[in-house]
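Trainee: structural data only, the sequence is not supplied:
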């Protein structure tokens, strides 16, 4: 199970590093192919969200795989590896599997139990499949992980309450303004996060909801679905004049709202306060906007702090989720061990049979005086000896499947008998 995960998330890296290492849709294919060209990486899935960028890879040699992935991340972020190495976390084999199970179930999210990560993991896996980057090992891993996440949410209350980043962003805006009822809101981005925020705003009773997106047709479709109005990014400046709150979550590579944009809008507003909630990574709003008088800018750090204050109910579900994930981890280990053991047993038996027939062939001259019945008896005798010698190792391997002992036995047989399977 040579699986490794290397990445950064909202806990290990500052927002600036997270932004630099974000893999947008346009760069995903190139990043996957860059990983596969490396010497030690044979499969890869890249998961990049507002909270994390992680590479799941199949690497026969751990240290070589780590160096290869780190090199690709450095090229992606235009950073020297030494500039972000301290922010990286690395897990391999069982720990890598357990980490992915934690991620997909929402235990490793900025908002405990958030449900959006399930879809993000699925989308990342599907993109890797389309790029021929995910093979047998990672396909099995991600299929099990998604099943584990589904069980965690259906069998526990880990997803109850404010269990999504988008919902938490709207709740944070409501807290800042006192209420969203009767307010004018703008949503930048019509992807999964933007759609969720727009739906939550509509449910909160905003008086007007405006949607902007790089692809205007997507903005129109979302606006129609939530009873809002679609605009183009070029109209954003004038729309800011009447807005009370702006929530952003796009995949743009550069900022969409500059300090100049906001300062101009604030002059036209006559100083009326404006709340901006930016959950995009990279950020959609220029950081210095926070210095403009009358403007409140909230980002992922504020969101995490806000979410931490409402975790009591979901925290009580963590032990139940852990129990489910432990069961799923054992099920995954059993499946992978059985898959690894079968070819080892076949290779062991084939090797023993080849050795038996070769030895009989070498002894053929000494057996020339035997008749056909005696030759058949020798064949049967040697076949029986080989079968008896291999019986106990085969039984032991099958009984130990899915355990650490099973992994040790498989590796020992591979080393002792030079088995490549």
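Mentor: Thanks, I have the structure now. Please read these numbers as outputs of a predicted model, since none were measured by experiment. Numbering: from 1, shown residues only.

Trainee: just the mean pLDDT for stretch 144-161, thanks.
Mentor: Stretch 144-161 shows a mean pLDDT of 89.

Trainee: with adjacent residues omitted, what lies nearest to residue 13?
Mentor: For residue 13, ignoring the flanking residues on the chain, the nearest one in space by CB to CB, 6 or more residues apart in numbering is residue 87 at 3.8 Å. In this view, the C-beta of every residue, glycine as well, is placed from N, C-alpha and C.

Trainee: burial check on residue 335, number of neighbours?
Mentor: 16 (other CB atoms under 10 Å).

Trainee: got any ranges where the stretch 251-400 of the chain has weak pLDDT?
Mentor: Within the stretch 251-400 of the chain, the segments meeting pLDDT under 70 span 309-310.

Trainee: helices of that one, start to end?
Mentor: 259-269, 300-308, 312-315, 318-362, 372-399 (DSSP state H, counting those that start in this stretch).

Trainee: now those helices in JSON lines, with distance to residue 284?
Mentor: Listed next are those as JSON lines, based on distance: least, CB to CB, whole Å:
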{"stretch": "helix 259-269", "distance to residue 284": "11"}
{"stretch": "helix 300-308", "distance to residue 284": "12"}
{"stretch": "helix 312-315", "distance to residue 284": "28"}
{"stretch": "helix 318-362", "distance to residue 284": "32"}
{"stretch": "helix 372-399", "distance to residue 284": "55"}
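
Trainee: which residue of this structure sits farthest from its center?
Mentor: Centroid-distance maximum for the chain: residue 369 at 68.5 Å, with CA atoms, centre = their mean.

Trainee: the closest residue in space to residue 196 that isn't next to it in sequence: helix or strand, and which one exactly?
Mentor: Spatially, and ignoring its direct neighbours in sequence, residue 196 is nearest to residue 166 (3.5 Å; CB to CB, 6+ apart). For residue 166, the host element (DSSP states H and E) is helix 165-177.

Trainee: circling back: the residue nearest to residue 196 and residue 191: what is the separation?
Mentor: Per CB to CB, to the nearest Å, residue 166 is found 10 Å from residue 191.

Trainee: the strand or helix carrying residue 55 - contacts with which helices or strands?
Mentor: Here residue 55, judged by DSSP H and E, is contained in strand 52-59. If you count contacts as 3 or more CB pairs under 8 Å, 6 or more residues apart in numbering; DSSP states H and E, strand 52-59 packs onto strand 3-9, strand 41-48, helix 62-77, helix 94-105, helix 136-155.

Trainee: turn those into JSON lines, columns for mean neighbour count and distance to residue 230.
Mentor: Output for the helices and strands packed on strand 52-59, formatted as JSON lines (neighbours: other CB atoms under 10 Å; distance: least, CB to CB, whole Å):
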{"stretch": "strand 3-9", "mean neighbour count": "23", "distance to residue 230": "33"}
{"stretch": "strand 41-48", "mean neighbour count": "24", "distance to residue 230": "27"}
{"stretch": "helix 62-77", "mean neighbour count": "19", "distance to residue 230": "33"}
{"stretch": "helix 94-105", "mean neighbour count": "23", "distance to residue 230": "33"}
{"stretch": "helix 136-155", "mean neighbour count": "19", "distance to residue 230": "32"}
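
Trainee: and the ones you listed: which comes nearest residue 399?
Mentor: Checking these against residue 399 by CB to CB gives helix 94-105 as the closest, at 19.7 Å.

Trainee: quick one, the closest one and helix 318-362 angle?
Mentor: Our comparison of helix 94-105 with helix 318-362, counting by axes from the mean of the first three to the mean of the last three CA atoms, to 10 degrees, yields an angle of 140 degrees.

Trainee: so which of the helices of the stretch 251-400 of the chain gets nearest residue 68?
Mentor: Residue 68 sits nearest to helix 318-362 of all the helices of the stretch 251-400 of the chain, at 22.5 Å, using CB to CB.

Trainee: before we move on, back to that, residue 166 and residue 191: which is more packed in?
Mentor: residue 166 (27 against 17).

Trainee: and the nearest residue to residue 184 once chain neighbours are set aside, how far from residue 261?
Mentor: Nearest non-adjacent residue to residue 184, counting by CB to CB, 6+ apart: residue 208, 4.5 Å away. When distance is defined by CB to CB, residue 208 is 20 Å away from residue 261.
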